[in-house]
Structures are given as structure tokens and as C-alpha cells.
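Novice: compute the structure for the input listed below.
(2 chains)
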Amino acid sequence: MALADILDENIIDLHLKSTTKDEVLRDLSAHLLEAGYIEDVEQFVKDIYVREAEGITGMGNHIAIPHGKSHAVKKIGIAIGRCENEIEWESYDDEPINLVFLFCVSDDADFASNHMMLLAELAGKLGNDERVEKLQKVTTKQELIDLFLN
Amino acid sequence: MKIVGITACTAGIAHTYIVAEKIQNAAEAAGHQCKIETQGTIGAQNKLTAEDIAAADVVIVAHDIAVSGMERFAGKPTVDIPISVAMKNPKSLIATIEKKIQK
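Specialist: Okay, the predicted model is just below:
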């Protein structure tokens, strides 16, 4: 298993039309459903909001990292969306966001721990400002994926 | 300076790792050595050894939940902050620590 195995073009959308946080979560969840990562959008979105209630997921630099720990999850992954609109989101820098990394994680602690390690590795890479700036400029999904692999 | 630290967020999925990276980058950019242990859902990673801690000038604990193994840092200058502080401005965190430690 390597980082490349968890970055899936089927759940990356560089042209999200969503205009609100709720739409973003639902649009990305729809991709997760379609690609077989979750079995139920309603339950998954509900579980994301449970985490949202515990603290801010807008990390600054126009990035949000909502995460759902849900039993609706069949396969661990990360849905990535870049929005065409600025989205109001509770953020550490009080700015709107346009890049969303939706962590799709099982609520079973022992489930696929090797996948969880990869998600942790990927999360760490979001702590690098230089990479984050480049993420705003990529034009293809492959370019985005490459930014995490290099 | 030699900096060691621990990060631990509520869910243990994302913030823990992002903040560890931010502190690491900010510390290295300022010319310090840094090693951060992450305590997340997958357990502790990049664990601090007794040697790491003995050599450290300062300990940063950035957390929103209780961290384990705090007794390891007994007697060390320790900066205890919520995750948000390190997330918002890691550079000024390091700068503040530099001032305090050098006094």
C-alpha cells in the first residue's frame, strides 16, 4: 500500500458547483457513493456534522478538512473537491474556503489501519504551505495527485 | 534549538498530522531541529525516544484532547497550547518560543 493507492480520480472533482457548505458535503458524498466508498449519503453526511460540531475544520489557506467517521463507510478514502465558488465555512483564519478534503473513514477503529496511516500521511502533506498554494493552480486530477506523491 | 513535541486532536484523523507538519516546517525554517510525535486514531507515530527528550531545549504540546506520556517531559520547559494556535500561526509560535527560551 502506498499513497497513490488512496488517491482516486473517481472521487476528485475540480469543478464543484456547490454554493454552500451543505451542498459541498452532499456533492462530494455523492461521488463517494457512486464510487462505492459509502453506502448511504444521508447517514454519512449526518456523521460528518457530528464531527463538525466538535470543532473547526476550516484550516486556513482556503482549505477545509471535514471528516466523517461513519459506519456508512465501506472503503476508506478521501474525496477532494475544488469549488468554483467561495464557500462560507468555519475557519481558523475566518476566510471562506474553496478546497475541500473530505475524509471518508470507518467508525470501526481497527478497520483498515493501513489505509488510516496513508490518510495521516496525506493530512500531514496539507500542512505544507507551498504544496497548498500549488493545489489551487492544478488543472488536472493527475496534477493534483502528483502534488501529493512528490 | 532542539524542539520536541506532541500533537493530538479530537478525532485524531487530520488536524494532528497537519499541525505536526506545520510545526516541523516552521521550526526548520527558523533553523531549529524538530521532532513531533503524533497521537491519533492510529496510535502514536514518530515516537519520541528518551534521547530525543533529553536533548530537547523545549517541548511543544499542541492538543485538544489529553495526551499520553506527559511524565516524560518532567523538568523540561513545556509549551502547552490548543491545536488552533499551531494551526493558525506556526511561525509566530516558534518565534515566541525562541524569545522565551533565550531569556
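Novice: stretch B:91-103 close to chain A?
Specialist: No - if you take C-beta under 8 Å from any C-beta of the partner chain as the test, stretch B:91-103 misses chain A, and the best it gets is 9.9 Å. (Glycine included, C-beta is placed from N, CA and C.)
Novice: for stretch B:12-25, that is, sorry about that
Specialist: Yes - judged by C-beta under 8 Å from any C-beta, stretch B:12-25 comes into contact with chain A at B:13-22, B:24-25.
Novice: how about the secondary structure of whichever residue of chain A sits closest to chain B?
Specialist: Nearest residue of chain A to chain B: residue A:127, at 2.8 Å (C-beta to the nearest C-beta). Following DSSP: H, G, I helix; E, B strand; the rest coil, the label given to residue A:127 is coil.
Novice: show me what the nearest residue to residue B:45 once chain neighbours are set aside bridges to in the sheet.
Specialist: Using C-beta to C-beta, 6 or more residues apart in numbering or on different chains and skipping the chain neighbours, the partner closest in space to residue B:45 is residue B:38 (4.9 Å). Residues in a beta bridge with residue B:38, per DSSP bridges, are residue B:7, residue B:45.
Novice: I figured residue B:38 was touching residue B:18, is that so?
Specialist: No - between residue B:38 and residue B:18 there is no contact under C-beta atoms under 8 Å: 10.0 Å.
Novice: okay, the two: which has more neighbours?
Specialist: Neighbours around residue B:38 and residue B:18, counted as other C-beta atoms under 10 Å in any protein chain shown, are more numerous at residue B:18. The numbers are 27 against 24.
Novice: got a list of what residue A:14 touches?
Specialist: Taking C-beta atoms under 8 Å, 6 or more residues apart in numbering or on different chains, we find residue A:14 in contact with A:81-82, A:138-141, A:144.
Novice: now residue 86: closest residue in space that isn't a chain neighbour?
Specialist: Just going to use chain A. Excluding the flanking residues, the one nearest residue A:86 by C-beta to C-beta, 6+ apart is residue A:96, at 3.9 Å.
Novice: I was thinking of chain B, sorry if that wasn't clear
Specialist: residue B:62 (4.3 Å).
Novice: and what of residue A:67?
Specialist: Per C-beta to C-beta, 6+ apart, closest to residue A:67 is residue A:103, 3.6 Å.
Novice: now the helix or strand where the one you found lies: mean pLDDT?
Specialist: Per DSSP states H and E, residue A:103 falls inside strand A:97-106. Strand A:97-106 carries an average pLDDT of 94.
Novice: now it, how far from the chain's geometric center?
Specialist: Distance of strand A:97-106 from its chain centroid, counting by C-alpha atoms, centre = their mean, to the nearest Å, is 2 Å.
Novice: helices or strands up against that strand?
Specialist: Judged by 3 or more C-beta pairs under 8 Å, 6 or more residues apart in numbering or on different chains; DSSP states H and E, strand A:97-106 is in contact with helix A:21-34, strand A:63-64, strand A:67-70, strand A:77-87, helix A:113-125.
Novice: still on that earlier bit, could I get the contacts of residue A:14 as JSON lines with secondary structure?
Specialist: Formatted as JSON lines, these follow (three-state DSSP):
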{"residue": "A:81", "secondary structure": "strand"}
{"residue": "A:82", "secondary structure": "strand"}
{"residue": "A:138", "secondary structure": "coil"}
{"residue": "A:139", "secondary structure": "coil"}
{"residue": "A:140", "secondary structure": "coil"}
{"residue": "A:141", "secondary structure": "helix"}
{"residue": "A:144", "secondary structure": "helix"}
